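Visitor: Give me coordinates for this.
(2 chains, ligands or ions: 2)
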Number of protein chains: 2
Amino acid sequence: MKIAITGGAGFLGKKLARALLDDNELGVEEVVLADMVAAPDELTEDGRVRSVVGDVTDPDLLADAIRGDTDSVFHLAAVVSAGAEADFDLGMAVNLDATRTILELARKHGNKPRMVFSSSCAVYGGDLPDVVTDNQQITPQNSYGVQKAIGELLVNDYARKGYVDGRSLRYPTVVVRPGKPNKAASTFASSIIREPLQGDEAICPVAPETEMWLASPRTIVANTRHAHDLDGAAFGPWRTVPLPGFTATVKGMVDALAEVAGPDVAARVKWQKDPAIEKIVYGWPARLETKRAEAMGFKRDTDMQSIIRAFIEDELGGKVA
Amino acid sequence: MKIAITGGAGFLGKKLARALLDDNELGVEEVVLADMVAAPDELTEDGRVRSVVGDVTDPDLLADAIRGDTDSVFHLAAVVSAGAEADFDLGMAVNLDATRTILELARKHGNKPRMVFSSSCAVYGGDLPDVVTDNQQITPQNSYGVQKAIGELLVNDYARKGYVDGRSLRYPTVVVRPGKPNKAASTFASSIIREPLQGDEAICPVAPETEMWLASPRTIVANTRHAHDLDGAAFGPWRTVPLPGFTATVKGMVDALAEVAGPDVAARVKWQKDPAIEKIVYGWPARLETKRAEAMGFKRDTDMQSIIRAFIEDELGGKVA
Ligand SMILES: NC(=O)c1ccc[n+]([C@@H]2O[C@H](COP(=O)([O-])OP(=O)(O)OC[C@H]3O[C@@H](n4cnc5c(N)ncnc54)[C@H](O)[C@@H]3O)[C@@H](O)[C@H]2O)c1
Ligand SMILES: NC(=O)c1ccc[n+]([C@@H]2O[C@H](COP(=O)([O-])OP(=O)(O)OC[C@H]3O[C@@H](n4cnc5c(N)ncnc54)[C@H](O)[C@@H]3O)[C@@H](O)[C@H]2O)c1
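Guide: Residues are numbered from 1 along each chain as shown, chains lettered A, B, ... in the order given. Ligands and ions are numbered 1, 2, ... in the order given. Predicted coordinates:
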């Protein structure tokens, strides 16, 4: 099986690549990592990895990454929320046009590759009910959400036409993200766990009672693979699935940190409201009823404590500062 | 006020142009009719009409039609359902790319024109509830519906960014359409009224009990103008509005024809099922609850009889064959 991952050097792309390479049953011949950033040695040292460094807005780069014998495409490259909001043209080019280029490549090749598109709960917004069901209309309130919603629609239509065997997943906010904060408005949700565990202070810009819709990297990678492995027919007439997550208050997240790593670590979280971030975050749904995904066998995280423990294990070598 | 209407030589474009030109309170200085087809003399003989003949997929044509001093754009040009399904690239170019070009023109001009985008109930499809509410998710099952849904999303985002004062309307199936049948799968809904009234037979390709969601041309033109005249704030955070319509069975439509024009006229409708058309039409919603539109002052037709009478008056000079 030959696989291409756009955004393959990113947070989720790297984890997905690792999981695919480690799966002995899948028969992976090649994993292409297409990203602006070079993939880490830890991945490229595997002879099956081909790193394609460049911009996905360049059709030649995509044509190099996705060829006529590519079986599966995981399209993860994206400009995240605050980035697409700050640079409208960049967001349109990366989040919309590159998605369309990939779909057109698949259509041109005619080999109907599987394609998993990582969408987001940012497609929801505005006046939302307390619980968002699978039938909720999409009313994105930022350009990133609009571009993801358009990507979903295109993937659906190209799938319906038989040009690609596509499926789109609406990811919850994924915690805990390792490394540095990024340009997503949700970045604090990872910072308030990650920084304290490494001995640093972190600022929480929203009220303690703020609820968020979360999933762990392990679950997201597993669900992304599950979406890939499912038969197309399992999606019925609509190939977009809001993924399961769990609801936590920010206070609940910090309490879980105290439970796992002690109150001194949790005390490194400082509360300092940022109205701009608050406004964005309060517009996101925090409670979804994801019956369809569950019926299709997608998994759900259960609690913040185990996510924090997994982060310490996966990213900090088991050590807390 | 300077107005541009794309698709201005089409069924609804011509009627809208007439209504705008006839409105003495609006202060119309110019109505540009941008269409592949030349506008009829009846319109161009008005000194305020500028006919721009060409393809909306040509950015130069659009730049000629929509200038820095254009106050309002009604974007009606489209490849209809069966057309976009038969020629995927044409549908994408006309229904998606041209819409984006218009939005980019407005952004470039920086004068924030009003823009009304004619979307469609074809954005719905697949597994639908008996009654579609304003909160219904969009799951289009044809490329036309996908392209309209993307147009709505783009209009929303360009409006949110302040690039255009846009609003999108989801039109019901508009009856009775004059002239020849077109490439819309719904075209029979007009044929079964229009042809008999002119002495010809018409074939109804769906079962008599088939329900449809309908509106009259008069109401659509009035509602399109109403959408234009409303203050942007009236739309709140979401600038797409499913328009009111009414539900009629095909049998009810033919019964209304008998009532208005006599049983001999109605007997000119022949019933001959076409499974391809049936499949498409059964996928459309026939009952919508359009609370939001009604609260915003959009109008609703009440019965088929008055629509048939209006058609006879507006299109047949009051005469039935
Ligand atoms: N992490 C989350 O909480 C979350 C939530 C919802 C959706 N998603 C979606 O999941 C996907 C992966 O997210 P992530 O957290 O791993 O993001 P990330 O930012 O860590 O990774 C994205 C990768 O895409 C690459 N990229 C961006 N623009 C590019 C361009 N023009 N050309 C080539 N490469 C480019 C970046 O270099 C980066 O490595 C994204 O599509 C994101 O929108 C993530
Ligand atoms: N009539 C309906 O029942 C109905 C229902 C839902 C939505 N709509 C939408 O309302 C709008 C108007 O509908 P209508 O019934 O008047 O359609 P129509 O087909 O009568 O008019 C469309 C006009 O657009 C023009 N056009 C098409 N492609 C073009 C191109 N590439 N360049 C220039 N001009 C082009 C055509 O020449 C035509 O005059 C359309 O956007 C349609 O999708 C109509």
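Visitor: quick one, what contacts whatever residue of the stretch 201-321 of chain A ends up closest to ligand 1?
Guide: For the stretch 201-321 of chain A, the residue positioned closest to ligand 1 under C-beta to the nearest ligand atom is residue A:220, at a distance of 7.6 Å. Yep, even glycine has a C-beta here, placed from its N, CA and C like the rest. With contact taken as C-beta atoms under 8 Å, 6 or more residues apart in numbering or on different chains, residue A:220 is in contact with A:12, A:171, A:174, A:243.
Visitor: Going by distance to chain B, which of the residues you listed wins?
Guide: Distance from chain B was checked for each of those by C-beta to the nearest C-beta. The minimum falls on residue A:243, at 15.5 Å.
Visitor: Strands along chain A, start to end?
Guide: Under the criterion DSSP state E, chain A contains strands at A:2-6, A:30-35, A:49-53, A:72-75, A:114-120, A:165-171, A:173-174, A:202-204, A:211-215, A:240-242, A:246-249, A:269-271.
Visitor: for the ones you listed, which one sits closest to chain B?
Guide: Across these, chain B has its closest neighbour in strand A:240-242 (8.2 Å, C-beta to the nearest C-beta).
Visitor: circling back to that earlier point, could you save the contacts of residue A:220 as CSV and add columns showing pLDDT?
Guide: CSV is the format used below for the contacts of residue A:220 (pLDDT from 0 to 100):
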residue, pLDDT
A:12, 98
A:171, 98
A:174, 97
A:243, 98
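Visitor: Most neighbours among these, which one is it?
Guide: Using other C-beta atoms under 10 Å in any protein chain shown as the neighbour definition, the contacts of residue A:220 reach their maximum at residue A:243, which records 27 neighbours.
Visitor: Does it touch residue A:290 like I think?
Guide: Yes. Residue A:243 is in contact with residue A:290 according to C-beta atoms under 8 Å; the separation is 6.5 Å.
Visitor: got any residues that touch both of those two?
Guide: residue A:298.
Visitor: what's around residue A:57, how many residues?
Guide: The tally of other residues near residue A:57 (other C-beta under 10 Å) stands at 16.
Visitor: go on, residue A:151?
Guide: Counted by other C-beta under 10 Å, the residues lying close to residue A:151 total 28.
Visitor: same question, the one 4 residues further on
Guide: Residue neighbour count, defined by other C-beta under 10 Å, stands at 25 for residue A:155.
Visitor: dump the residue contacts of it.
Guide: With contact taken as C-beta under 8 Å, 6+ apart, residue A:155 is in contact with A:99, A:103, A:115, A:117, A:164, A:166-168, A:239-240.
Visitor: Return the set of residues that bridge with the closest residue in space to it that isn't next to it in sequence.
Guide: Leaving out its chain neighbours, the residue that sits closest to residue A:155 by C-beta to C-beta, 6 or more residues apart in numbering or on different chains is residue A:166, at 3.9 Å. When assigned by DSSP bridges, residue A:166 has beta-bridge partners residue A:115.
Visitor: gap between residue A:166 and residue B:6?
Guide: Taking C-beta to C-beta, to the nearest Å as the measure, residue A:166 and residue B:6 are separated by 31 Å.
Visitor: Could you do residue A:229 as well?
Guide: Counting by C-beta to C-beta, the gap from residue A:229 to residue B:6 is 45 Å.
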